[in-house]
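1. 3D, please:
(chains A, B and C)
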Amino acid sequence: MAARSGGAQRTVHPMVTGGSVCAIKYADGVLVAADTLAAYGSLARFESVPRMKAVGMAHDVLLAAGGDISDYQQMLKFIEAAAVEEYAINDGASMSASAMHHWLTRLMYNRRSKMDPLWNSIVVCGHRDGKAYLGTTDLYGTMYEDNFIATGLGAHMAIPLMRKTWKEGMTEEEARALLVECMRVLFYRDTRASSMITIGKACAEGSSVGEPFQLDTYWEHELFVKGGGHRGDGSW
Amino acid sequence: MSSIGTGYDQSTTTFSPDGRVFQVEYAMKAVDNSSTAIGIRCKDGIAMAVDKPVISKMLVEGSNRRILNVDKHSGMCVSGLQADARQIVNHARDEAASYLDFNGGPIPGSVLCDRVAGLMHAYTLYWYVRPFGASVLIANYAEDSPELYAVEPSGLSYRYLATAIGKGKNAAKSALEKLDLSTLSCREAVMECAKILYMGHDPSKDKPIELELSWVCDETNRMHQLVPPQLKIEAEEAAKAARAAMDE
Amino acid sequence: MDFDRSRFVDRELLDPARVMEGAHGGYGRSHGGIHVENGTDNSLDFLKNPVDLGTSIMAVAFKGGVILGADSRTSTGVYIANRVSDKVTSVDEKIYVCRSGSAADTQAISDYVTYYLDMHRTQYGKPPKVQTAASYFRELCYHNKNNLTAGIIVAGWDAAKGGQVFSIPVGGALLERPYAIGGSGSTYIYGFCDAYFKPGMTREQCEEFVAKALSHAMARDGSSGGVIRMAIIDENGVERKFIPGNKLPYGPL
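-> Predicted coordinates for the structure are as follows:
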C-alpha cells in the first residue's frame, strides 16, 4: 500500500476472511463443503458464519465463497438485486448456475480491472435440466469448470485427495465421505480452518445448505501418544 | 366532467379561474376509459384483478400484462394508458431496489406508495411533461401487515381495505362494500375479484376479455405472483356461474 | 522490510495483540501523510497522531432486550486524552452503538446514521428497526473501507425482533451475533467470553457478564480503562449504568 506517497491507491486487504471451499460433482448433482469460521487475521473471531447460500430466482444455484466476508456479502446483495429484477420481469427465465458463474466472473474481472477487486474465491454449483454445474472464479476473474474444485489451501491439499478418489457417478455417501476427508485434512493442516463445517447440495430438487456439524478427528496414533520426535516419527 | 376547459385546459402549469388543473382531470378520464382493476386487502394478504380487452384473436395469451411485480413482496395492478403505466411500474421497481440496497430490507408499502405518488405528482407540475394517464393499485406485504394503496394521476394516494379503478369502478366498489373484509381469506378474495369483474362484463354486448389475477399472501410466502392456473380456472368458472345465476 | 500499519498483515507481524486497533497508533506509526520517524514512547510525537479509541466494547442480547457496555479510555499514543469518554452512543431512541477505531471516523459515521434514521422515521412513520440501523452502518463502513478505521457494534431493541446485536468489524462485514466484543481489549477476553457466555441468560446475568468481561479486558489492555458505561435497552426504554474505575468486578469468579 502506497498511501503515504500520495496518488490513488484503492487496493484493499481482506480483513474478516473465510477459508477453503471444496466441491465435487456426484451422481445426482454437486456437493460443496466449507467451514463456518470467519477469521480476523489469525484470530478465530466469528464462529458459525455461513459461507454458502442458495441463490438465484429458481433457487437451483449454490454460491460458496472464501476470502473477504464483507465482499462476499456485497456479492450476495448484487445477486439478490439481479434475482428481484428477474422476478419482476417474470418471463419464466432465470439465471442458471452457468449464467450466474459467467456473470459473477465478469463482475470480478471488472472490479480487478479497477484495481479494486472483490477479494474472494467463489465456487458456483448448480443443477438444471438434469445437468450438474461446478465452477470457480478467483479475485482476478479467472474462471474454470471442473468435476472437483478446491479453493484456498484446499487447492494444494484437497485436490490431490480428490484426484485420487473422485470418479464419475459417485453416490452421495461416497461424495460426502470424500468432502469430509478433505475438510478434515484441511482442519489438521490449515491454521485458518475450523472443525465446524457445512455441506451444501445442488441436485434435481434444487439447492440447499445443510446444518453445521463437527468433524470427527483422530489424535491417538500410537506414536502421537508416545511423543518424543527424536525417533523420527513425525511428532516433533 | 361538468365544465370544459375554455382555454385553461392546455397546460398543467395554469389553474382555471375556479381552481382546477384540467390536464390532470383529463388524465383521470383516461383511467376511467380503461378496463376495471380491483384490489382487496384481507388479514392474510392482498388479491388484485384486472380485465383486459382481447383486442385481437391473434394476440398471444398473457401479453400486455396489467399486473406486474415490483419486488418479491410487492405488485402493481394498473389501469389507463398502458405505456404510461409501465413507466410508473419501472420507477416503482427502481425505488424498491434502491430501498432494499440501502436499508437491507424490503420497502414498506407506505414508503413505496409515497415515492410513486411523488413521481406522479411531479408530472403534474411542469410544462414540459404531461401527467400520467394511468392509476395504479399497489399490493405490498413485507414486514408489516398486508397493505393496499391506490395512486391517481394527480399524485393523490390512499390506503384502502378494498378499491377499484377504471371503467367499472363504481359498480365494483359497491360490490366490494358488501364483502366482510374482516373474515375474508385471500383465496376467497381472489374468487370475489373474478366475480366482480365478470359481473361488469356482458359477453353478448362487450368485447371479449382476459382476466389477470394476482395475490400476495401467507399462502404464497409473501411473494407477489399471478394466481396458479388451477385457481384462476376455478375463480373464472365460479364467476361465470354467479353471473349466469344473476341473469336468470 | 518496510512495515506499514495500514496493512493488516504488517500490523499483525508488528504487534499481533493490537491488530484490532487498525491503521493508526501502535508502534510503526505511519499514516495519512503524518510519517513519524523513530517515534518512541516518551517523545511528544504522539500529539501528531489521530485520536484512537483503543477500546474494550461489547454488547449482549437477552430475552426482551440488549445490553451494551464500554470502557471510557480515549488515548493519543500513550497519553489518555479522555478518561471518562462515552463510547456507547445513541443513534436512535432504542438503537445504540459501541465504537472502536478512530474516534473521528466513528463519530462521523454515527452522525450520518443518526441522520438517516431520523429521515427514515419521518418517512416511514415508525421507529426504525435495528437491522435498518446496522445496514446503514454497513453501507458506510463497507463502501468507504479504504478511508475508515471503524469497528462498530450496533445493538438495540425493536418491536419486530426484540433485542439484537450486530457486529461490523473493520472492512465492513455485517454479522448478527448473540453477543459481540470488539476493540483492542477484546483480544484478551475471547477465552473468558467463550467460557462464560451461554445462550438464554437473564438480564441480570448479562449485566454481570458485560461488567466482568470488560473489567478483565481493561485490566490487561493498556489502551482500555477508566470506568464502565452500560446501556440496557428493552421495550420500556433505555437505562444507563455506570461502574466507577475503583469498583470494577475484576478477579477470580
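
2. need the contact list for whichever residue of chain B sits closest to chain C.
-> Here chain B gets closest to chain C at one residue, B:Gly104, 3.1 Å apart by Cβ to the nearest Cβ. Any C-beta I mention is one placed from the backbone N, CA and C, and that applies to glycine too. B:Gly104 makes contacts with C:Gln131, C:Thr132, C:Ala134, C:Ser135, C:Arg138, C:Leu174, as judged by Cβ atoms under 8 Å, 6 or more residues apart in numbering or on different chains.

3. near chain B, which of those show up?
-> Checking the contacts of B:Gly104 against chain B by Cβ under 8 Å from any Cβ of the partner chain, the ones in range are C:Gln131, C:Thr132, C:Ala134, C:Ser135, C:Arg138, C:Leu174.

4. just among those, which is most surrounded?
-> Of all these, the most densely surrounded is C:Ala134 (27 neighbours; neighbours counted as other Cβ atoms under 10 Å in any protein chain shown).

5. that older thread, tell me the one among the contacts of B:Gly104 nearest to chain A.
-> Closest approach to chain A among those (Cβ to the nearest Cβ): C:Leu174, at 6.2 Å.

6. nearest residue to that closest one other than its sequence neighbours?
-> In space, and not counting its chain neighbours, C:Leu174 is closest to C:Arg138: 4.1 Å by Cβ to Cβ, 6 or more residues apart in numbering or on different chains.

7. ok, that neighbour - contacts?
-> By Cβ under 8 Å, 6+ apart, the contact set of C:Arg138 is A:Gln73, B:Gly104, C:Ile168, C:Gly172, C:Ala173, C:Leu174.

8. tell me the least confident of these?
-> In terms of pLDDT, B:Gly104 ranks lowest among the contacts of C:Arg138, with 92.

9. how much space between it and C:Ile232?
-> Distance, B:Gly104 to C:Ile232, using Cβ to Cβ, to the nearest Å: 25 Å.

10. flag every residue of the stretch 151-253 of chain C that's near chain A.
-> Within reach of chain A by Cβ under 8 Å from any Cβ, the stretch 151-253 of chain C has these residues: C:Ser167, C:Pro169, C:Val170, C:Gly171, C:Gly172, C:Ala173, C:Leu174, C:Leu175, C:Arg177, C:Thr187, C:Tyr190.

11. on that earlier part again, just name the closest of the contacts of B:Gly104 to chain B, please.
-> C:Ser135 (3.1 Å).

12. assign a three-state SS to the closest one, would you?
-> With DSSP: H, G, I helix; E, B strand; the rest coil as the basis, C:Ser135 sits in helix.

13. okay, it: pLDDT?
-> As predicted, C:Ser135 sits at a pLDDT of 97.

14. which residues touch it?
-> Here C:Ser135 is in contact with B:Phe102, B:Asn103, B:Gly104, B:Gly105, C:Leu174 (Cβ under 8 Å, 6+ apart).

15. could you redo the last one with a cut-off of 6 Å?
-> By Cβ atoms under 6 Å, 6 or more residues apart in numbering or on different chains, the contact set of C:Ser135 is B:Asn103, B:Gly104.

16. please tell me how far it sits from A:Gln73.
-> Distance of C:Ser135 to A:Gln73, computed by Cβ to Cβ: 11 Å.
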